[in-house]
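Student: Need a 3D model of the following:
(one chain, ligands or ions: 1)
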Amino acid sequence: MALIWAMLVIIFILYAFYELLNNNQNGKRYPPGPKGLPIIGHLHLLGKNPHQDFLKLAKTHGPLMYVRLGLVPTIVVSSADTAEKVLKTYDHIFASRPHNEAAYYLAYGQRNMIAAKYGPYWRNMRKLCTQHLLSNQKINSFQSMRRQQVELMIKSLKNEACDHRVVVDLSAKILSLSADLTCLMVFGKKYMDEDLDKRGFKALVNEVEHLAATPNLGDFFPFLGVIDLQGLTRRLKDLSKVFDEFLEKIIDEHVQSRDQKQSKDFVDTLLDIMQSQEAEFQFDRRHIKAILFDMLIAAMGTSAAAIEWILTELLRHPHVMKKLQKELEQVVGLERMVKESDLEKLNYLDMVVKEGMRLHCVVPLMPHEAMEDCVVNSFHIQKGSRIMINFYTVQRDPNIWPEPEKFLPERFVESSIDVRGHDFQLLPFGSGRRSCPAMQLGIIIVQLIVAQLVHCFDWELPNGMQPCDLDVEEQFGLATSRENPLMAIPTYRLNNA
Ligand code: HEM
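Tutor: Numbering: from 1, shown residues only. Below you'll find the predicted structure:
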């Protein structure tokens, strides 16, 4: 009991000291924001979908809003103009990442690329990944693997569709395909549910995603990290041990079979780099494991969620689905499946994918950190602040997007706006130094799988459900996906049945 009292007194003194420091604003003008509570600041205003809560708050407080999450000063950016200032004009100031308990325990002390602080280490890691793992040449080398895996999924769906009007869990199918594509590219083989440990591969990846997205008191009150009031640190340490053993085993297997291989997965490429000592920084097994972990976590859920959302909207808008099928019939024909080389001719598909990614932002809030004091829109942002660019709000801004809640692929007719980070009103892959280094791969995977599923099957909702009744509830996470699985009835439509 005495210990608890002592701790409460320490917390109170620290808090009083913190408030004293923060109330002394030296005449600086800070961005507006809602009124906060003592100690917790604005944490109570955030629910299970914080990007939606921030959108509501931004309507009152504007495109540059100040909130305090526990002890962490946080700036929320909610317009394309302000996003451009943060991600382009002052990118050199905002390109770091804040401390993150989950990444600290799971990713070797934040040694992965996603969570690394800005500096020479991150720069070297990023250069190494973009040159050796995510280059166009490397992405193309996996083209036939992608074709085979997508065809396998179509075959399995076709077999299921033979049984009259079977309802399939499309979310699960897409996630499973995305896991297989990722594992084959990164590790050179697929991992089944029974792999990794008794909980199973996908369940553990799921757990990582869940823990990484759970608000951790240690991130908002740094001194609470060691106390682990929520029991999250214990779970994170347990998970990191399981993953570390798994990744060690994979590296050992690759070391043993290296000479017999013709095509190189990511592990082979990283082992080559380690042996050649060509990396411009100390590069050992720990770094290989951190990169492998990154690739797995960053790739699987994001692509799957984007595809799931686009199919959701196609099911909600049958006339768009029909129009896309028409384009596929004209460009590909009904005698064969879609190839990657068809994608550049599919203009309507491009519009459908852009509109799906605009309306359903898969990574709505990726945190950055200010490395120096800075003035944006005449407001002061202090060094160490967490910066959240709310891509979800930007992509639903009615001043830029008429009828922003509607799924209207036609809004991209005659428009040069694309998703590659130059147009600040549409940033599904971010922009600037910390933008997604696998943008090209992400676009290929999403376009290919959406096109294939729409080309090979007619889709119907189960139990007589009307398109407008299909829900769009979101589940915030590392990748924001559908809360409820997408269920639909496929009917094979190509002539080679
Ligand atoms: C549709 C699929 C994808 C979407 C929507 C997406 C989106 C994003 C976004 C929004 C960011 C953060 C930008 C920022 O901080 O401002 C990001 C970062 C990142 N993504 Fe992706 N991504 C996708 C696929 C992938 C894939 C397939 C990989 C790997 C194979 C990948 C690897 C990464 C990495 C390593 C980072 C961190 C970059 C850094 O901090 O320097 N992503 N992604």
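
Student: neighbours around residue 483, how many?
Tutor: 13 (other CB atoms under 10 Å). Every C-beta, even on glycine, is put in place using the N, C-alpha and C of the backbone.

Student: swap that for residue 202, sorry
Tutor: Using other CB under 10 Å, residue 202 has 18 neighbouring residues.

Student: Now do the phi/psi pair for it.
Tutor: Dihedral angles of residue 202 (phi, psi; degrees, to the nearest 10) stand at phi -70, psi -40.

Student: Tell me the confidence at it?
Tutor: Residue 202 is assigned a pLDDT of 79 by the prediction.

Student: ditto for residue 155
Tutor: Looking at residue 155, its pLDDT stands at 95.

Student: before we move on, which element is it in?
Tutor: Using DSSP states H and E, residue 155 maps to helix 143-162.

Student: packing partners for that helix?
Tutor: helix 170-186, helix 439-456, strand 487-492 (3 or more CB pairs under 8 Å, 6 or more residues apart in numbering; DSSP states H and E).

Student: let's see 6 Å
Tutor: Packed against helix 143-162 by the contact rule (3 or more CB pairs under 6 Å, 6 or more residues apart in numbering; DSSP states H and E) you find helix 170-186, strand 487-492.

Student: Quick one: residues contacting the closest residue to the ligand within the stretch 101-250 of the chain.
Tutor: Of all residues in the stretch 101-250 of the chain, the one sitting closest to the ligand is residue 114 (4.1 Å; CB to the nearest ligand atom). Applying CB atoms under 6 Å, 6 or more residues apart in numbering to residue 114 gives the contacts residue 294.

Student: If we use 10 Å, what do you get?
Tutor: For residue 114, the contacting residues are 97, 100, 103, 107, 122, 125, 212, 290, 293-295, 297-298, 366, 434, 436-437, 478, by CB atoms under 10 Å, 6 or more residues apart in numbering.

Student: Report the entries of those that also contact the ligand.
Tutor: Residues of the contacts of residue 114 in contact with the ligand (CB under 6 Å from any ligand atom): 294-295, 298, 366, 434, 436-437.

Student: Save those as TSV, and put in secondary structure too.
Tutor: Shown next, in TSV, are those (DSSP: H, G, I helix; E, B strand; the rest coil):
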residue	secondary structure
294	helix
295	helix
298	helix
366	strand
434	coil
436	coil
437	coil
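
Student: so of the helices and strands packed on helix 143-162, which one's packed in deepest?
Tutor: For the helices and strands packed on helix 143-162, the largest average neighbour count (mean count of other CB atoms under 10 Å) is found in helix 170-186, namely a mean of 22.

Student: Specify the local secondary structure of the residue of the stretch 101-250 of the chain closest to the ligand.
Tutor: Per three-state DSSP, residue 114 ends up coil.

Student: Spell out which parts of the stretch 151-300 of the chain neighbour the ligand.
Tutor: Contact residues (CB under 6 Å from any ligand atom) of the stretch 151-300 of the chain with the ligand: 294-295, 298-299.

Student: Between those, which sits nearest residue 43?
Tutor: Comparing those against residue 43 with CB to CB places residue 298 closest, at 26.6 Å.

Student: Make sure that closest one is actually in contact with residue 479.
Tutor: Yes - Residue 298 is in contact with residue 479 according to CB atoms under 10 Å; the separation is 8.9 Å.

Student: Are there residues contacting both of these two? Which ones?
Tutor: Common neighbours of residue 298 and residue 479 (CB under 10 Å, 6+ apart) are residue 363.

Student: which stretches of the stretch 251-400 of the chain form helices?
Tutor: Using DSSP state H, counting those that start in this stretch, the helices of the stretch 251-400 of the chain run over residues 266-276, 285-316, 318-331, 347-359, 391-394.

Student: Among those helices, show me which one is buried the most.
Tutor: Per residue and on average, the most neighbours among those fall to helix 391-394, with a mean of 26 (mean count of other CB under 10 Å).

Student: for the record, mean pLDDT for it?
Tutor: Averaging pLDDT along helix 391-394 gives 98.

Student: Then stretch 88-108?
Tutor: Stretch 88-108 comes out at a mean pLDDT of 94.

Student: Off-centre distance for it?
Tutor: Taking CA atoms, centre = their mean, to the nearest Å, one finds the center of stretch 88-108 at 15 Å from the center of the full chain.

Student: Name all residues that make contact with the closest residue to the ligand within the stretch 301-450 of the chain.
Tutor: At 2.6 Å from the ligand, residue 430 is the closest residue in the stretch 301-450 of the chain, using CB to the nearest ligand atom. By CB under 10 Å, 6+ apart, the contact list for residue 430 reads 83, 87, 363, 366, 368, 389, 391, 421, 436-437, 439.

Student: likewise residue 101?
Tutor: Contacts of residue 101 were listed using CB under 10 Å, 6+ apart, and they are 110, 211-212, 214, 216-220, 222, 224-225, 228, 230, 232-233, 236.

Student: With residue 277 instead?
Tutor: residue 283.

Student: One more: residue 418?
Tutor: Applying CB under 10 Å, 6+ apart, the residues contacting residue 418 are 350, 354, 412, 426, 443.

Student: Just flag the most distant two among the residues you listed.
Tutor: Pairwise distances across the contacts of residue 418 (CB to CB) peak at 14.4 Å, for the pair 412 and 443.
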